[in-house]
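A.B. asks: What follows is a predicted protein model with its sequence.
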Amino acid sequence: MAATGRPGVSYVMPVLNEAGYVREAVASILGQEYDGDQEIVLALGPSTDDTTEIVERMAAEDSRVRFVHNPAGRTPIGLNLAIKATRLPVVIRVDAHSLLGPDYTSRGVETLLRTGAADVGGLMAARGRNDLQRAVAAAYNSRYGLGGAAYHSGAPEGEAESAYLGIFRRSIFDEVGFYDESLWRGQDWELCLRIRKAGHKIWFDPELSTTYFPREDFGPLAAQSYASGVWRGELARRHPEGKSFRHLLPPFALLASSVGSLAWFVPLTGVGPVKGWLLRGFRLAPLGYAGLVGYAAATTENLRPGQRLLLARVLPTIHFPWAAGFIRGRLRGSGQTVDAGRKCRGRDA
């Protein structure tokens, strides 16, 4: 505890090829309006850009900034290395693509203490710096994009299944263990599952909001979506209690649209009435999906016409690779699937 009575806070952040974002992310931490002790521990992956040099300069400029090396470059390994290097009783996970509001820490710690939870999370408020990134952000914030999870679209304050990023009591890692390093993605959900099974609460606070900057191009976005789908499928294999109806919607849309598109090439002449009706029904599937995408693009607020057109491309770029990945992960497991959209080939962070 600091002299103010506020618990000290350690921020942990894995970084890999984040030269364009990491300095601003760290600045948002250093600018927190919080009068308890603070430190930042970054886990440095083997970046191929200037990330390492930027982090080393920040550590030299401010004694609150420290770093550990993460040669594997993977998120759960980096998080565990950073957490083990912390020295304060509250751990806040931060993403290099995120910005914390000035009162994020004070609000989060107050909620942690008020509720008795082991982990607290809030909204992921996606934002964009250009037209395409704004369209991707709109998809992330929409129930038509990532399925309407509480931390995307909002929900009343209360207990939750998992938390975005997370504000943790440091002691919870000693009790239930650290992030599962065999899960290259989705490790936050699995950790929250262990915390809940140990009898502790995960808490969602909609007043907590973190600005997040998503991918800026279609190729990296599709690669990220595919990898996320694969690892969600792997989680469903390992933990049946983690299955959700919303996870089945993208695979259904992919299969129905694929079969429906092929049905247009099957002639209706010479088939019986039952097969004819089935073919006509299948043909409606891709039209129905296109209609849903068009409706989402037309009704999403605060977008210019060009951004709405981009959103209409972004949604299937998220849905279909995610669906293909989920089917693969659910049936065959994740294997060594990485996010191929990252600049550091063969690494995942």
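C.D. replies: Received it, and whenever you're ready, just let me know what you need. Residues are numbered from 1 along each chain as shown.

A.B. asks: Can you list the residue ranges for helices in the stretch 101-250 of the chain?
C.D. replies: 104-115, 131-141, 150-153, 171-176, 187-197, 218-238, 245-263 (DSSP state H, counting those that start in this stretch).

A.B. asks: Quick one: mean pLDDT over the shortest one.
C.D. replies: Just to be clear, that refers to helix 150-153. What helix 150-153 shows for mean pLDDT is 63.

A.B. asks: coming back round to it: so which of the helices of the stretch 101-250 of the chain gets nearest S334?
C.D. replies: Across the helices of the stretch 101-250 of the chain, the minimum distance to S334, taken as Cβ to Cβ, is reached by helix 218-238, at 3.9 Å. For glycine as for every other residue, the C-beta is placed from the backbone atoms N, C-alpha and C.

A.B. asks: how far off helix 187-197 does that closest one point, in degrees?
C.D. replies: Using axes from the mean of the first three to the mean of the last three Cα atoms, to 10 degrees, the inter-axis angle of helix 218-238 relative to helix 187-197 is 30 degrees.

A.B. asks: can you start the count at 208 instead of 1 from here on
C.D. replies: All right, first residue 208 from here; so that's helix 425-445.

A.B. asks: Buried residues, helix 425-445. List them.
C.D. replies: Going by neighbour count (16 or more other Cβ atoms under 10 Å), the buried part of helix 425-445 is 427-445.

A.B. asks: what residues does that helix touch?
C.D. replies: Contacts with helix 425-445, where a contact means Cβ atoms under 8 Å, 6 or more residues apart in numbering, come from 339, 343, 390-393, 396-397, 421-422, 449-450, 454, 457, 520-521, 524-526, 528-538, 540-541, 544-549, 555.

A.B. asks: That one: how far from the chain's middle?
C.D. replies: Centroid displacement of helix 425-445 relative to its chain, using Cα atoms, centre = their mean, to the nearest Å, is 11 Å.

A.B. asks: just stretch 367-386 next, same as before
C.D. replies: Taking the mean of its C-alpha atoms, stretch 367-386 sits 16 Å from the chain's own mean (Cα atoms, centre = their mean).

A.B. asks: Show me which residues of it are buried.
C.D. replies: So, applying 16+ other Cβ under 10 Å, buried residues of stretch 367-386: 367, 369-377, 379-380, 383, 385-386.

A.B. asks: about what we covered before: return the subset of the contacts of helix 425-445 lying in strands.
C.D. replies: Of the positions in those, not one sits in strands, assigned by DSSP state E.

A.B. asks: before we move on, the earlier item: TSV for the helices of the stretch 308-457 of the chain, including distance to A266?
C.D. replies: Below are the helices of the stretch 308-457 of the chain laid out as TSV (distance: least, Cβ to Cβ, whole Å):
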stretch	distance to A266
helix 311-322	20
helix 338-348	29
helix 357-360	30
helix 378-383	24
helix 394-404	26
helix 425-445	28
helix 452-470	40
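
A.B. asks: Lowest average pLDDT across these?
C.D. replies: Here the lowest mean pLDDT among the helices of the stretch 308-457 of the chain goes to helix 357-360, at a mean of 63.

A.B. asks: Let me know how buried A547 is, in neighbour terms.
C.D. replies: A547: 15 surrounding residues under other Cβ atoms under 10 Å.

A.B. asks: who's in contact with it?
C.D. replies: A430, Y433, A434.

A.B. asks: D338 too?
C.D. replies: Going by Cβ under 8 Å, 6+ apart, D338 touches R511, G513, Q514, L517.

A.B. asks: rerun that using 10 Å as the cut-off
C.D. replies: Counting by Cβ atoms under 10 Å, 6 or more residues apart in numbering, D338 makes contact with L510, R511, G513, Q514, L516, L517, L518.

A.B. asks: Just the buried subset of these, written out for ChimeraX, thanks.
C.D. replies: Those of these that count as buried under 16+ other Cβ under 10 Å are selected in ChimeraX with:
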select :510,514,517,518
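
A.B. asks: what residue ranges in the stretch 408-556 of the chain score low on pLDDT?
C.D. replies: 449-450, 548-556 (pLDDT under 70).

A.B. asks: Relative to the strand ranked longest in the chain, what are the paired strands and their orientations?
C.D. replies: Assignment by DSSP E gives strand 409-419 as the longest strand of the chain. Applying DSSP bridges to the sheet, strand 409-419 is found paired with strand 305-307 (antiparallel), strand 326-333 (parallel), strand 365-366 (antiparallel).
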